[in-house]
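Enquirer: pasting the sequence and the predicted model now:
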Amino acid sequence: MFNEAQEPQQSQESAYYTHGTPAERWERARMFFDAKDYAAAARVLGPLVEEVPEQTGPRLLLARAYYHSAQLRRAESELRLIVERDPVEHYARLMLGRTLERQGRGEEADTHLRIASALAGDFEEE
């Protein structure tokens, strides 16, 4: 049953995560991430990514926050968007591979991990 007293509290809580300029929210998200409060970081970053969808930094940090809070499908979705826009984004490829591994999709993960390794210049010596 809906409690009217909860609505203002939820509204205040969401306002906390979305309050301020994009730069202030970026810093808030980084603070949460650095404190290992990945779910809170994601709550700040989600709306920020919607506001600045062309920027890779916030989307990559959102993907990392999802990854570390075991929201693997969300992490995968964000990482695929980054890789689609910038196929040579090394770290996104690496994270996508690791995300797929954690989901038990090793064969698919291997492709992205090999590409990430090649982009980083990590070649096996014979």
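Expert: That came in fine, so what should we check first?
Enquirer: now for whatever helix or strand residue 78 lives in, which elements pack on it?
Expert: Under the criterion of DSSP states H and E, residue 78 resides in helix 72-85. Applying 3 or more Cβ pairs under 8 Å, 6 or more residues apart in numbering; DSSP states H and E, we find helix 72-85 packed against helix 56-68, helix 90-102. For the C-beta atoms, the positions are set from N, CA and C on the backbone; glycine is no exception.
Enquirer: can you tell which of the ones you listed is closest to residue 111?
Expert: For these, the distance to residue 111 is smallest for helix 90-102, at 7.7 Å, taking Cβ to Cβ.
Enquirer: so what touches the closest one?
Expert: Helix 90-102 has contacts (Cβ atoms under 8 Å, 6 or more residues apart in numbering) with 56, 60, 63-64, 67, 72, 75-76, 79-80, 82-83, 86, 106, 108-113, 115-116, 119-120.
Enquirer: just stretch 110-126 next, same as before
Expert: So stretch 110-126 is contacted by 83, 88, 90-91, 93-94, 96-98, 100-101 (Cβ under 8 Å, 6+ apart).
Enquirer: farthest pair in these?
Expert: Longest span within the contacts of stretch 110-126, Cβ to Cβ: 88 and 101, 20.9 Å.
Enquirer: more neighbours, those two?
Expert: More crowded of residue 88 and residue 101, by other Cβ atoms under 10 Å: residue 101, with 16 against 11.
Enquirer: quick one: the more buried one from residue 114, how far?
Expert: For residue 101, the distance to residue 114 equals 13 Å [Cβ to Cβ, to the nearest Å].
Enquirer: about what we covered before: reformat the contacts of stretch 110-126 as JSON lines; add distance to residue 52 and pLDDT.
Expert: Shown next, in JSON lines, are the contacts of stretch 110-126 (distance: Cβ to Cβ, whole Å; pLDDT from 0 to 100):
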{"residue": "83", "distance to residue 52": "18", "pLDDT": "97"}
{"residue": "88", "distance to residue 52": "21", "pLDDT": "92"}
{"residue": "90", "distance to residue 52": "22", "pLDDT": "93"}
{"residue": "91", "distance to residue 52": "19", "pLDDT": "95"}
{"residue": "93", "distance to residue 52": "22", "pLDDT": "96"}
{"residue": "94", "distance to residue 52": "23", "pLDDT": "97"}
{"residue": "96", "distance to residue 52": "21", "pLDDT": "98"}
{"residue": "97", "distance to residue 52": "26", "pLDDT": "97"}
{"residue": "98", "distance to residue 52": "25", "pLDDT": "97"}
{"residue": "100", "distance to residue 52": "26", "pLDDT": "98"}
{"residue": "101", "distance to residue 52": "29", "pLDDT": "97"}
